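K.L.:
from the sequence below, what's the structure:
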Amino acid sequence: MELLLFLFIGVVGNLIGTLVGGGGLITLPTMMLMGVPVHSAIGANKVSNMVSAFSSFYSIFRRKEISWIELRSVFFVSLIGGTLGGLLASFMSSQTLTLLAILLLGFALVMSYIGGADFGDQQSFMINKKNGSILLGVGIYDGMFGPGSSTLALYMYAYEKISYIKAVGLSRVGVFAMCSGAAVTYIATGKIQWPMTLALMAGSIIGAQIGIVLARKVNATQVKILLRIVTIVLMLQLIYDFISQL
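P.N.:
Now for the predicted structure:
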């Protein structure tokens, strides 16, 4: 019964995570409430996210909705950012990281109301100094802390007027890159509880595939509303965590 619950958690978390990010809001707190040790919960989340992200961006890549050039450039920038973030994390307190997350998400939310953060019909994405720096920053943030990183990436793609389905595919490439290094580390250090992780992984793959199907059906207005809701929920959770650390 417990493994079925982990399967369900994986489905729901990655369904939401694929569409607008923030899936960790569901998976991590639920696992910790169930008594899973924090390192095992984070490790399971990283491993399952890595596999589900690969399955979702591969589905989009196979249908030629993202190109190899786009995939490769986003992967390497995100991988570098995630690695740097992991190195920097040891120099920053959890309180500082939480405050940084609140400020970044707040800025993205405000900018979405000011205007410009609307998915468009641009069918190609090219890395330049501006968006490359933002992607690198998102990767660093994910490596340091994590919650909301794919949501922040989606805001960036919206400002670039990328089509929503392409933005979803590219954000999942970033998740795969950013989670890969962490997942390998958790596996190597023996932090993974495999029965739980495999159940979560199976659910995550199912949720990600459902998310891809829905991503092709929702319109820009629905996505924007859902993205703002998830951003606000993320911020409230992080504000609560920040106050708890005082």
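K.L.:
rest of the way, CA atoms for contacts and neighbours
P.N.:
OK.
K.L.:
all helices of this protein, in order?
P.N.:
Using DSSP state H, the helices assigned to the chain run over residues 2-20, 24-33, 38-62, 68-89, 94-114, 129-144, 149-159, 164-188, 194-215, 220-245.
K.L.:
tell me the buried residues in the first one?
P.N.:
Judged by neighbour count (16 or more other C-alpha atoms under 10 Å), helix 2-20 contains these buried residues: 5-20.
K.L.:
adding mean pLDDT and distance to Gln122, write the helices of the chain out as TSV.
P.N.:
Formatted as TSV, the helices of the chain follow (pLDDT from 0 to 100; distance: least, C-alpha to C-alpha, whole Å):
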stretch	mean pLDDT	distance to Gln122
helix 2-20	93	18
helix 24-33	82	29
helix 38-62	89	16
helix 68-89	88	13
helix 94-114	82	18
helix 129-144	88	15
helix 149-159	91	10
helix 164-188	89	9
helix 194-215	95	16
helix 220-245	87	13
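K.L.:
turn the ones you listed into TSV, including distance to Asp121.
P.N.:
Listed next are the helices of the chain as TSV, based on distance: least, C-alpha to C-alpha, whole Å:
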stretch	distance to Asp121
helix 2-20	17
helix 24-33	29
helix 38-62	16
helix 68-89	16
helix 94-114	18
helix 129-144	17
helix 149-159	10
helix 164-188	8
helix 194-215	14
helix 220-245	10
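K.L.:
those: which one's closest to Gln123?
P.N.:
helix 164-188 (7.5 Å; C-alpha to C-alpha).
K.L.:
run the chain-centre distance for the closest one.
P.N.:
How far helix 164-188 lies from its chain's middle: 7 Å, per C-alpha atoms, centre = their mean, to the nearest Å.
K.L.:
now Ile127, nearest residue through space, not along the chain?
P.N.:
Excluding the flanking residues, the one nearest Ile127 by C-alpha to C-alpha, 6 or more residues apart in numbering is Ser73, at 7.0 Å.
K.L.:
pretty sure that neighbour sits against Asn128.
P.N.:
No. Using C-alpha atoms under 8 Å, Ser73 is not in contact with Asn128; the gap is 10.3 Å.
K.L.:
between the two, which is the more surrounded one?
P.N.:
More neighbours surround Ser73 than the other of Ser73 and Asn128, with 18 against 9 (other C-alpha atoms under 10 Å).
K.L.:
how close does that one sit to Met156?
P.N.:
15 Å (C-alpha to C-alpha, to the nearest Å).
K.L.:
and if you look at Thr96?
P.N.:
From Thr96 to Met156 the distance is 23 Å (C-alpha to C-alpha).
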